[in-house]
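S.K.: Everything below, folded, please.
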Amino acid sequence: MRDLIGKLEVVDDDTASALRVIDHFDRLVDERASTAAVVRAAAALAGSTAGLHDAARAVAKRFTPDGRTLTGKDAGEWRHEPVPGQPGSWLWLERPGDQGPLDALILERAARALQALSTGSSAPSTSGLVRIACDPDATDADRRDAVARLGLTGPVTLVLSTSANLRATLISTVGDLVLALLPGTPTLPDGIRAGTALAPDPLRLPTALEQATTALRLAADVGGLAPAVVGYDDLGALAVIAERISADEAAAVGDVRRLEELLAGHPWVVDTLHAVLDQPSLRQSAAMLHVHHSTLQERLSWLTAQLGYSPVKGRGRQRAAVAVLLWRIAQDGRPRS
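M.R.: The predicted structure follows:
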């Protein structure tokens, strides 16, 4: 091959360049190179950033032509080259404007190299199929195939949980979170913190994943007074707030900062506010908190003085409810006990 490339460079440089691409990826296969090495080679040969998305294995890689790793998901609409035999997996080159003369060949050979380097069965595991079914970037064909392989035909409840003890047949992970698909509208076990969403059609699971992520932001810790399992459909207008306000934005709100300050010395603050906002009477709130009615009255008097408004009257009650909601959003991404 190399002798042929040398001869062709004299009379047909384009053909020599094409053969050089083929030879390069063939050598990577012979050397049993890593997935990252193949994607880096594609970037270097094309002179543009290259990426790989593998939904089944929860892999996303992007590399610059000089081999540097890029973080974050690219938002561009680039031509995708599927990896044969690996549903939910494809490559792309991030080249604005017209494609380079060898771009199609580079992508095709890189995809073939990844196929040749894959070990074991090319069929995704159940965990991989769950990821493909929920991946918003998967092709319609791959998602349809994954849903069929999983045997999902009707409404599906998607559960996104921080709890490692969540058990289900159709289960996978998304980063540090556990993702489970449960047919219908099942009753979830106690002792988990989770957000849930119902996909009326299994092909709409990517939307359900976004919704469950929103619901999880408002789920309290297990063992607290507020619900540890939150369903997206139960949020109504509250979902709009959770979807549009980041944790940093919520944490910067004055009322939220004040709650954090009070919690430092009085860990009962948020539970107390939740109880008086959740129950129709102060006596029922006190029962929920397992404190005497007079103790709750003392807490509320103290809170009114510290907050600058009454959390149980008129607009003060509304203000307290929004403050607690934003406080929960501000906890998003923080370590949980």
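
S.K.: could you point out which element follows the helix or strand bottoming out on mean pLDDT in the chain?
M.R.: Least confident helix or strand, the chain: helix 2-11 with a mean of 39, by mean pLDDT, DSSP states H and E. Proceeding N to C from helix 2-11, the next assigned helix or strand is helix 13-30, under DSSP states H and E.

S.K.: For that following helix, list every residue counted as buried.
M.R.: A16, S17, A18, L19, R20, V21, I22, H24, F25, L28, V29 (16 or more other C-beta atoms under 10 Å). C-beta: built from backbone N, CA, C; applies to glycine.

S.K.: Skipping adjacent residues, who's closest to the second one in space?
M.R.: What sits nearest to S17 in space, not counting adjacent residues and going by C-beta to C-beta, 6 or more residues apart in numbering, is L102, at 6.2 Å.

S.K.: you'd agree the one you found is up against S48?
M.R.: No: in this structure, L102 is not within contact of S48 by C-beta atoms under 8 Å, at 11.1 Å.

S.K.: Who has more neighbours out of the two?
M.R.: S48 (20 against 17; other C-beta atoms under 10 Å).

S.K.: mind listing what that one touches?
M.R.: P65, L93, E94, R95, G100 (C-beta atoms under 8 Å, 6 or more residues apart in numbering).

S.K.: and with 10 Å instead?
M.R.: Shown in contact with S48 (C-beta atoms under 10 Å, 6 or more residues apart in numbering): 42, 64-65, 78, 92-96, 99-100, 103, 106.

S.K.: how close does it sit to A18?
M.R.: Here S48 is placed at a distance of 17 Å from A18 (C-beta to C-beta, to the nearest Å).

S.K.: got it, and R149?
M.R.: From R149 to A18 the distance is 37 Å (C-beta to C-beta).

S.K.: same question, D221
M.R.: Counting by C-beta to C-beta, the gap from D221 to A18 is 59 Å.

S.K.: tell me which element T196 falls in.
M.R.: Counting by DSSP H and E, T196 is part of strand 194-199.

S.K.: State the next helix or strand along the chain beyond that strand.
M.R.: Next along the chain after strand 194-199, with elements defined by DSSP H and E, is helix 205-217.

S.K.: Past that following helix, which element shows up next along the chain?
M.R.: That would be, after helix 205-217 and using DSSP H and E, strand 229-231.

S.K.: which residues in the chain form strands?
M.R.: For the chain, applying DSSP state E gives strands covering 49-54, 59-63, 81-82, 89-94, 156-161, 170-174, 177-183, 194-199, 229-231.

S.K.: so how many other residues sit close to A199?
M.R.: 24.

S.K.: Not counting sequence-adjacent ones, nearest residue to it?
M.R.: A208 is the one closest to A199 (C-beta to C-beta, 6+ apart), at 3.9 Å.

S.K.: What of A60?
M.R.: Closest to A60 by C-beta to C-beta, 6+ apart is H53, at 5.5 Å.

S.K.: Could you double-check that that neighbour sits in contact with R131?
M.R.: No: taking contacts as C-beta atoms under 10 Å, H53 lies outside contact range of R131: 11.0 Å.

S.K.: From the centroid of the protein, which residue is nearest?
M.R.: In the chain, the residue lying closest to the centroid (C-alpha atoms, centre = their mean) is V174, at 5.6 Å.

S.K.: tell me the pLDDT at that one?
M.R.: pLDDT for V174: 82.

S.K.: if I look at it, how far off is P84?
M.R.: 26 Å.

S.K.: So H53 and R131 - more neighbours on which side?
M.R.: Higher neighbour count among H53 and R131: R131, with 25 against 20, using other C-beta under 10 Å.

S.K.: any idea how far the more buried one is from S118?
M.R.: Distance from R131 to S118, by C-beta to C-beta: 16 Å.

S.K.: For the residue nearest to A43 when sequence neighbours are not counted, give the beta-bridge partners.
M.R.: The shortest distance from A43 to any non-neighbouring residue, by C-beta to C-beta, 6+ apart, is to A50 (3.8 Å). For A50, the beta-bridge partners are F63, L93 (DSSP bridges).
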